[in-house]
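# return atomic coordinates for the entry below.
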Amino acid sequence: MSETNGSLVDVRGVDKVFRRGSEKIHVLGGLDVTIPQGEFLALMGPSGSGKSTLLNLIGGLDRPTAGEVEVGGKRIDKLSDRKLAGWRARHVGFVFQFYNLMPVLNAKRNVELPLLLTNLGKSRRKKHVETALGIVGLSHRMKHYPRQLSGGEQQRVGIARAIVTDPTLLLCDEPTGDLDRKSGDEVLELLQLLNRDQGKTIVMVTHDPHAAARASRILYLDKGQLSEEPVE
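Numbering: from 1, shown residues only. Just a heads-up that it's a prediction; the model follows:
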């Protein structure tokens, strides 16, 4: 992805409204945010404030009701479903709170899954998987199944899966929310490493101030708006 005016992500005037029957639920209202290339941004805020919704809009998992979402100079809110899926597969890595690993696949096969959507041959896929598992320190566990791994190891497999396509943008939704403090710290150190040494732009949703402190910038979301200070 190319930079646009020094930024990687530009969200402009975004509204997001969900419908529940005849009721309209306004989650985001006229929201603006710019995320520079190479930033590690933490999004904090109360439950239901729209943090995960914003993350999903940036990652092309959802579309805004109004406004623009531009990533790497491309208006992703204007892409067709097919083109958006292809864009996501090439450019975005997702890390989830509950790992979302396939229990019937070992670590190596779980990490390989995003590569099956690409044109890479078997040998190239193998090399990418081994590199990703090496980065997260799990080369020795690649043949283990999720049930044979600790929570921290499962999340590191999840991160390896997220980075195996070498995305520019890494989106993490409560990546330490299901981990003890020690395992959570290991995951946060890994994210910092990916940001610092691999140049990954990271957006992390978290409710934990300890986790957010690892980021280079913290923004607080409340009542559909972002601020640099927590809302009392």
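# can you pull the contacts of N195?
G38, F40, T201, I202, S216 (CB atoms under 8 Å, 6 or more residues apart in numbering). Any C-beta I mention is one placed from the backbone N, CA and C, and that applies to glycine too.
# give me the phi and psi for the spatially most central residue of the chain.
With distances taken as CA atoms, centre = their mean, the residue of the chain nearest its centroid is L171 (1.1 Å). Phi and psi for L171, reported as degrees, to the nearest 10, are phi -110, psi 120.
# so where's this protein uncertain?
For the chain, the stretches flagged by pLDDT under 70 are 1-5, 231-232.
# can you classify I25 as helix, strand or coil?
strand (DSSP: H, G, I helix; E, B strand; the rest coil).
# enumerate the beta-bridge partners assigned to it.
Taking DSSP bridges as the rule, I25 bridges to F18.
# how many neighbours does it have?
10 (other CB atoms under 10 Å).
# pretty sure it is touching G48, no?
No: applying CB atoms under 8 Å as the test, I25 and G48 come out as separate, 9.5 Å apart.
# now the end-to-end length of stretch 16-27.
6 Å (CA to CA, to the nearest Å).
# outside of that stretch, which residues touch it?
Under CB under 8 Å, 6+ apart, the answer for stretch 16-27 is D15, L28, G50, T53, L57, D62, P64, T65, G224.
# for stretch 149-157, same thing?
Contacts of stretch 149-157 (CB under 8 Å, 6+ apart): 95, 99, 101, 107, 110-111, 133, 136-138, 141, 146, 175-176, 178-180, 182-184, 186-187, 190.
# can we see that at 10 Å?
By CB atoms under 10 Å, 6 or more residues apart in numbering, the residues outside stretch 149-157 that reach it are 95-101, 106-108, 110-111, 132-133, 135-138, 141-142, 144, 146-148, 172, 175-180, 182-187, 190.
# among the contacts of N195, which pair sits farthest apart?
Greatest spatial distance among these (CB to CB): T201 and S216, at 10.5 Å.
# ok, of the contacts of stretch 16-27, which come out buried?
L28, G50, T53, L57, D62, P64, T65, G224 (16 or more other CB atoms under 10 Å).
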